[in-house]
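**Q** sequence-free structure coming up:
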């Protein structure tokens with residue numbers, strides 16, 4: 001398990017079963033706002049207010065790569081399913097795609113307004129979804145950088161997004177109480193999930209895609225059954 005904290009410049013690691021830790025990954029010059037494990041669990045990406053993304057070898061705890069290019073703090077990071085790309089979102093109103101092997105930037109996706117607080121690759125890594133502080137949820141074509149979907153309906157900042165395992169649904173949550181489920185193909189709203197008394201900080205699908213969980217600012221976690229009848 002990994003964690004980063006606003007008041008610290010290091011990433012902490014714990015062994016889940018034994019509780020042993022923390023082991024610190026030290027190198028960032030600013031507080032940590034985003035972390036993500038690679039699909040094989042061997043590396044960890046961290047994004048910081050020092051405007052960099054760093055890649056860590058978890059067997060040694062050493063930094064193996066550094067990704068530079070953002071002009072604002074890095075608010076979100078995520079790996080593609082094959083582990084070959086990293087996506088990052090920033091306070092500079094852009095999300096960026098990076099080659100993991102070379103740390104070279106592949107392309108920049110401009111959003112004009114709003115910190116990109118969440119990024120998520122589709123399961124086939126052909127699309128990247130982004131959520132920002134200006135109520136926008138968008139899906140981009142990874143190969144070209146073109147915007148393909150715009151999901152409209154949020155009335156507040158979007159803090160977290162997640163694709164279903166089959167890539168047909170997108171969940172989003174943020175400053176509002178409800179979690180929204182979207183049909184990716186049509187960008188239409190499928191379901192509004194109520195229960196949180198305050199905003200939503202994180203969303204995730206179950207491995208079979210039949211449930212959605214959301215963590216809230218109110219200190220609760222809610223789980224709902226997904227309505228897939230319209231897919």
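**A** Arrived safely. Predicted, not measured: the structure shown is a model, and the values here were computed from it.
**Q** and the helix or strand bottoming out on mean pLDDT in the chain, how far out from the chain's middle?
**A** Least confident helix or strand, the chain: strand 2-4 with a mean of 91, by mean pLDDT, DSSP states H and E. When distances are taken as Cα atoms, centre = their mean, to the nearest Å, strand 2-4 is centred 14 Å away from the chain's centroid.
**Q** what do you get for stretch 22-40?
**A** 14 Å.
**Q** so for that stretch, what's the average pLDDT?
**A** The average pLDDT for stretch 22-40 rounds to 94.
**Q** Would you mind listing the buried residues in it?
**A** For stretch 22-40, the neighbour count (16 or more other Cβ atoms under 10 Å) marks 25, 27, 28, 31, 32, 33, 34, 35, 36, 37, 38 as buried. The C-beta positions use only the backbone N, C-alpha and C, and glycine is treated the same way.
**Q** Dump the residues you listed into JSON lines; add secondary structure as well.
**A** Output for the buried residues of stretch 22-40, formatted as JSON lines (DSSP: H, G, I helix; E, B strand; the rest coil):
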{"residue": "25", "secondary structure": "strand"}
{"residue": "27", "secondary structure": "coil"}
{"residue": "28", "secondary structure": "coil"}
{"residue": "31", "secondary structure": "coil"}
{"residue": "32", "secondary structure": "strand"}
{"residue": "33", "secondary structure": "strand"}
{"residue": "34", "secondary structure": "strand"}
{"residue": "35", "secondary structure": "strand"}
{"residue": "36", "secondary structure": "strand"}
{"residue": "37", "secondary structure": "strand"}
{"residue": "38", "secondary structure": "coil"}
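**Q** Show me the strands paired with the following helix or strand past the least confident helix or strand of the chain, marking each as parallel or antiparallel.
**A** Downstream of strand 2-4, the next assigned helix or strand under DSSP states H and E is strand 10-13. Counting by DSSP bridges, the strands paired with strand 10-13 are strand 2-4 (antiparallel), strand 23-26 (antiparallel).
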